[in-house]
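>>> The following block contains a protein sequence and its predicted model.
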Amino acid sequence: MFRTNFIADGRPGFQGPRTAVQLAAAGALLFVAGVLLPPLLEGAGVPGGQALRAAYHPLCHQIASRSLCWAGHPLAICARCAGLYFGGALALVIAALAREVPRVPARPLWLALVLAPTLLDALAGLAGLGELSNIPRLAIAVPAGLAAGLYLAVGLADLGGRRWTNGLPIFSGPR
């Protein structure tokens, strides 16, 4: 498990790891805002909602019955994708506000635990065993999104500043 302080790398105007993670968090928040905008625009009768939906279409199947509704219209992505993206954005914001990059275990068991609920839900649907409603789908996808966001924060902090894993690859685990 690794942890690092956000330390500037000496370049003027660049705060190294902190800047990289903060920029990612800002981008993630904009991405989430784009997910929430189409139903608000469509509910208010303002054009542009369909263009935003089209922008998110490569990232999600956008089946309306599998999407949460807001202002009487479905979000730009399905409930499972919303859980993944919202969890990832939350993790990046937490990492950006932290004094240090959070610890992220790179053990397969930990990854299996956070991915299992989403994977089991997807496999159950494919096998025809029934599907969860949208709120549980969103909720069980959040842990996988949190994990992905934390791994992204660790990677960005590593790329944005000096290496802090004592010369080992970022997910090499303890010595």
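Ah, there it is.

>>> how close does the residue nearest the centre of the chain get to Ala95?
Closest residue to the average C-alpha location of the chain: Gly88 at 1.8 Å, with CA atoms, centre = their mean. From Gly88 across to Ala95, the span is 11 Å (CB to CB, to the nearest Å). C-betas here are computed from N, CA, C, even on glycine.

>>> shared neighbours of those two, which are they?
Here Gly88 and Ala95 have Gly149 as joint contacts, going by CB atoms under 8 Å, 6 or more residues apart in numbering.

>>> Spell out, range by range, the helices that occur in this structure.
In the chain, the helices defined using DSSP state H lie at 17-44, 49-56, 79-97, 108-126, 134-160.

>>> In the longest one, which residues are buried?
Of the residues in helix 17-44, those with enough neighbours to count as buried (16 or more other CB atoms under 10 Å) are 17-22, 24-25, 28, 32, 34-39, 41-42.

>>> And for the second one?
Of all the residues in helix 49-56, those buried under the rule 16+ other CB under 10 Å are 49, 52-53, 56.

>>> The last one now?
Burial within helix 134-160, assessed by neighbour count using 16+ other CB under 10 Å, is assigned to 134, 137-138, 140-158, 160.

>>> shaky segments in the chain?
In the predicted model of the chain, residues 1-15, 160-175 satisfy pLDDT under 70.

>>> do that again at 80, thanks
Within the chain, the segments meeting pLDDT under 80 span 1-17, 99-106, 158-175.

>>> mind putting the buried residues of helix 49-56 in JSON lines, distance to Val104 included?
Listed next are these as JSON lines, based on distance: CB to CB, whole Å:
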{"residue": "Gly49", "distance to Val104": "36"}
{"residue": "Leu52", "distance to Val104": "32"}
{"residue": "Arg53", "distance to Val104": "33"}
{"residue": "Tyr56", "distance to Val104": "27"}
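
>>> Out of the residues you listed, which comes closest to Leu123?
Tyr56 (24.3 Å; CB to CB).

>>> ok, the closest one - contacts?
The contact partners of Tyr56, by CB under 8 Å, 6+ apart, come to 34-35, 62, 76-77.

>>> Mind doing that once more with 6 Å?
Going by CB atoms under 6 Å, 6 or more residues apart in numbering, Tyr56 touches 76-77.
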